[in-house]
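Engineer: Kindly return the folded structure for what I paste below:
(one chain, ligands or ions: 2)
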Amino acid sequence: MNKNVTIIGTGAYGTALANVLSDNGHNVLMYGIEETQVNDININHENSFFFKNIKINSKIKATSDLAAALENTEILILGVPSFAIRGVLQDIKKYGKNEMVIVNTAKGLDDKELGLLSDVIKKEFAGTGLMKCYTALYGPSVAIEVIERKPTGLMLVSDDINAASENAKIFTNEYFFVYPWDDIAGCEIGAALKNTVAIAAGIFSGFKAGDNAQASLITLGLNEIYIIAKEFGAKVETFLNYAGLGDLILTASSVKSRNFRLGVAIVEQGDAKTALLNTQYTVEGVASAEIAYKICKKMKISSSLFEIIYEILYNNNRPISLINNVFKNVNLV
Ligand SMILES: NC(=O)C1=CN([C@@H]2O[C@H](COP(=O)(O)OP(=O)(O)OC[C@H]3O[C@@H](n4cnc5c(N)ncnc54)[C@H](O)[C@@H]3O)[C@@H](O)[C@H]2O)C=CC1
Ligand SMILES: O=C(CO)COP(=O)(O)O
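Structural biologist: Numbering: from 1, shown residues only. Ligands and ions are numbered 1, 2, ... in the order given. The predicted model follows:
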């Protein structure tokens, strides 16, 4: 059955998902704060700020009026970066009218409590009557390839596997394959921290560290992510799957990843401070690096990669220190 879907955010990923859901016959309304993007979607059927010369499904509509956007919503997709989630939730609570299936797509953690963003979202909606169930979408899915309708495998995760199964069907089609899963902690920590590993992989690439080194770095990253995620009750199986291994491989090896490209830029521009000043796009791995570092300190977890990358990003340590030190004294599972 066709659903009324509202997407919060007219960014790259929100637009890509709008296209998938519109292809699947659902009624898609995007809410954006950038008037030019809203107009581009409605008038030209493009979101050219993110995707040059690419037409999106002409049935997709956009608005900058949040109350109107939430009028008949059955499925609500949070398509904004992690830093914007708390603010967006307050707005949704103000204007929301119906009980909605929440689908989070932000790949980040909660910087205030050093915990899961899903816990923040669930807590904010508790008692409002606005949340039918909480779900989140994770997996290797760079927006440009989704817009190009290239095959993509993902996981829709929820505490309730039946809710995950039911809502996975809304997204699934012949190029977008969504598998239901029930390990929110594993998926969320995997998705947030793979971005930081991708920055490290970009630094390795910038220094031409070699293919052996890249493969070892990705393996170390997966180990360290799992060691952290285990503390939150994550399942090991999540890390063998699209949300864990899949998204890590993609982001830590593709120049289509903004996190990977930041790592390369850090080497090209000499240090993280300069590269960050020149970065204008969303790079979730920077905030995740600080959160991972603090979680490791708090939980007394020894983490070679996350400690070194934190020092590079936040104390402007020399990027070469990653290559020189990351494989010394590692903690492997
Ligand atoms: N781009 C990608 O390939 C993928 C991105 N993601 C995740 O999706 C999340 C969003 O990423 P992108 O779409 O790539 O970011 P983006 O930078 O392309 O777009 C972010 C959008 O959020 C909007 N926004 C910011 N604050 C807002 C607010 N308060 N109210 C309404 N809109 C607001 C901006 O106007 C912008 O349109 C991130 O957590 C990212 O990690 C997940 C999978 C793939
Ligand atoms: O999460 C992503 C693909 O799954 C997108 O990665 P970037 O944010 O590094 O571009």
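Engineer: how many other residues sit next to the closest residue to residue 73 other than its chain neighbours?
Structural biologist: Once flanking residues are discounted, residue 73 sits nearest to residue 6: 4.2 Å by C-beta to C-beta, 6 or more residues apart in numbering. Backbone N, C-alpha and C define where each C-beta goes, glycine included. Residues lying near residue 6 (other C-beta atoms under 10 Å) number 26.
Engineer: Report pLDDT for residue 6.
Structural biologist: Residue-level confidence at residue 6 comes out at 98, pLDDT.
Engineer: Looks to me like residue 76 is in a helix.
Structural biologist: No - assessed with DSSP: H, G, I helix; E, B strand; the rest coil, residue 76 is strand; it does not lie in a helix.
Engineer: Count the residues that sit near it.
Structural biologist: Counted with other C-beta under 10 Å, residues neighbouring residue 76 total 26.
Engineer: and it, what are its bridge partners?
Structural biologist: Taking DSSP bridges as the rule, residue 76 bridges to residue 6, residue 102.
Engineer: So, low pLDDT: which residues of this protein?
Structural biologist: Counting by pLDDT under 70, the chain shows no low-confidence range.
Engineer: Would you map out the domains in it?
Structural biologist: For the chain, the TED database gives the domain ranges 4-182, 185-324.
Engineer: out of those, nearest to ligand 1?
Structural biologist: With C-beta to the nearest ligand atom, the closest approach to ligand 1 among these belongs to domain 4-182: 1.9 Å.
Engineer: can you give me the end-to-end distance of the closest one?
Structural biologist: Terminal residues of domain 4-182 are spaced 24 Å apart (C-alpha to C-alpha, to the nearest Å).
Engineer: can that domain be found next to ligand 2?
Structural biologist: Yes - part of domain 4-182 sits near ligand 2 under the criterion C-beta under 6 Å from any ligand atom, namely 107, 140, 141, 142.
Engineer: before we move on, back to that, next, format the domains of the chain as JSON lines and append distance to residue 331.
Structural biologist: Compiled in JSON lines, those are given as follows (distance: least, C-beta to C-beta, whole Å):
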{"stretch": "domain 4-182", "distance to residue 331": "19"}
{"stretch": "domain 185-324", "distance to residue 331": "5"}
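Engineer: Adding distance to ligand 1, write the ones you listed out as a markdown table.
Structural biologist: Converted to a markdown table, the domains of the chain look like this (distance: least, C-beta to the nearest ligand atom, whole Å):
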| stretch | distance to ligand 1 |
| --- | --- |
| domain 4-182 | 2 |
| domain 185-324 | 4 |
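Engineer: looking at the ones you listed, which is closest to residue 332?
Structural biologist: Residue 332 lies closest to domain 185-324 among the domains of the chain, at 5.1 Å (C-beta to C-beta).
Engineer: Just the terminal-to-terminal distance for the closest one.
Structural biologist: The straight-line separation of the ends of domain 185-324 (C-alpha to C-alpha) is 32 Å.
Engineer: Can you give the distance from it to the centre of its chain?
Structural biologist: 13 Å (C-alpha atoms, centre = their mean, to the nearest Å).
Engineer: Do it and ligand 2 come into contact?
Structural biologist: Yes - using C-beta under 6 Å from any ligand atom, domain 185-324 comes into contact with ligand 2 via 195, 198, 247, 250, 251, 257, 258, 259, 284.
Engineer: just the buried members of the residues of domain 4-182 next to ligand 2?
Structural biologist: Neighbour counting with 16 or more other C-beta atoms under 10 Å marks 107, 140, 141, 142 as buried within the residues of domain 4-182 next to ligand 2.
Engineer: And for the second one, nearest residue in space, chain neighbours not counted?
Structural biologist: What it means is residue 140. Nearest to residue 140 is residue 250, by C-beta to C-beta, 6+ apart, at 3.7 Å.
Engineer: The one you found: how many residues sit nearby?
Structural biologist: Residue 250 sits with 21 neighbouring residues when counted by other C-beta under 10 Å.
Engineer: dump the residue contacts of it.
Structural biologist: By C-beta atoms under 8 Å, 6 or more residues apart in numbering, the contact set of residue 250 is 140, 142, 257.
Engineer: mind checking the backbone torsions on the closest residue to the second one other than its chain neighbours?
Structural biologist: In this case it means residue 142. In space, and not counting its chain neighbours, residue 142 is closest to residue 256: 4.6 Å by C-beta to C-beta, 6+ apart. The phi/psi pair for residue 256 (degrees, to the nearest 10) reads phi -70, psi -10.
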